[in-house]
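Student: this one's structure only:
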């Protein structure tokens, strides 16, 4: 399992700072990437994984990839946001391996990581907050990540480090739990295959 976790790859898509009002109101959103935000002012609500979260100042919130979610702002709030792809091995996500919390208090210094990413990537901000406007157009950003890694290794490694630290705030040490038995068995198969790719099939 540790070997799988060590192969984690994270690819930044968006980062920025948003001031959002009642127009931030979307139902049944599903994205192929993970979204993470840190609220600095005001409040809003977020619903996914059968739970409603009240977005509060000084807290971080995680929305896993391929999870239906709904969010709404009844008045006004401000947030730093990040979206990224994560992958352990082809077809296997870190969400297959570990359980996650989706709301955590900001630790000392965490706000600096958000600020640093927005400074490093000022052109990665989301101009239109409607998910339909940006959810299915990540390929250009992924190509930029590849080019950036080749041209500026220091910047690439710093980005990976920041994203890994922020994601680690949400991880629990227990294995992932899935209430659906058939899906859970499929998950076990995927993990087994990923752990034994170097061996011949019998």
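Tutor: The structure has been received and is ready for your questions. As the structure is a prediction and not an experimental result, all values here were calculated from the model.
Student: now this protein, which segments are flagged as low pLDDT?
Tutor: 1-3, 90, 135-137, 144, 148-149, 174-202 (pLDDT under 70).
Student: mind redoing it with 90?
Tutor: 1-9, 11, 30-32, 66, 87-99, 123, 126-153, 155-156, 172-202 (pLDDT under 90).
Student: what are the ranges of the helices in it?
Tutor: 2-6, 110-120, 139-151, 153-168, 181-195 (DSSP state H).
Student: what about the most centrally placed residue in the chain, distance to residue 108?
Tutor: Closest residue to the average C-alpha location of the chain: residue 34 at 2.8 Å, with CA atoms, centre = their mean. Plainly put, residue 34 is 24 Å away from residue 108 if you go by CB to CB, to the nearest Å. (Each C-beta comes from the backbone N, C-alpha and C, glycine too.)
Student: and what of residue 77?
Tutor: Taken as CB to CB, the span from residue 77 to residue 108 is 22 Å.
Student: so the two - more neighbours on which side?
Tutor: When residue 77 is set against residue 108 and neighbours are counted by other CB atoms under 10 Å, the residue ahead is residue 77, at 21 against 6.
Student: surely residue 41 meets residue 77?
Tutor: Yes - the pair residue 41 / residue 77 is scored as a contact, 6.2 Å apart, by CB atoms under 8 Å.
Student: list the residues that contact residue 73.
Tutor: 20-25, 42-45 (CB atoms under 8 Å, 6 or more residues apart in numbering).
Student: which among those gets closest to residue 82?
Tutor: residue 20 (15.3 Å; CB to CB).
Student: hang on, that closest one packs against residue 129?
Tutor: Yes - the criterion here is CB under 8 Å, and residue 20 meets it with residue 129 at 6.6 Å.
Student: burial measure for residue 6, as a count.
Tutor: For residue 6, using other CB under 10 Å, the count is 8.
Student: quick one: buried ones out of the contacts of residue 73?
Tutor: 20, 24, 42, 44 (16 or more other CB atoms under 10 Å).
Student: and which of those residues is nearest to residue 168?
Tutor: residue 44 (24.6 Å).
Student: list the contacts of the closest residue to residue 4 other than its chain neighbours.
Tutor: In this structure, residue 4 finds its nearest non-sequential neighbour in residue 88, 5.2 Å apart by CB to CB, 6 or more residues apart in numbering. Shown in contact with residue 88 (CB under 8 Å, 6+ apart): 4-5, 7-9, 94, 96-97, 194.
Student: again with residue 56
Tutor: So residue 56 contacts 39, 43 (CB under 8 Å, 6+ apart).
Student: quick check: it vs residue 79, distance?
Tutor: Distance from residue 56 to residue 79, by CB to CB: 11 Å.
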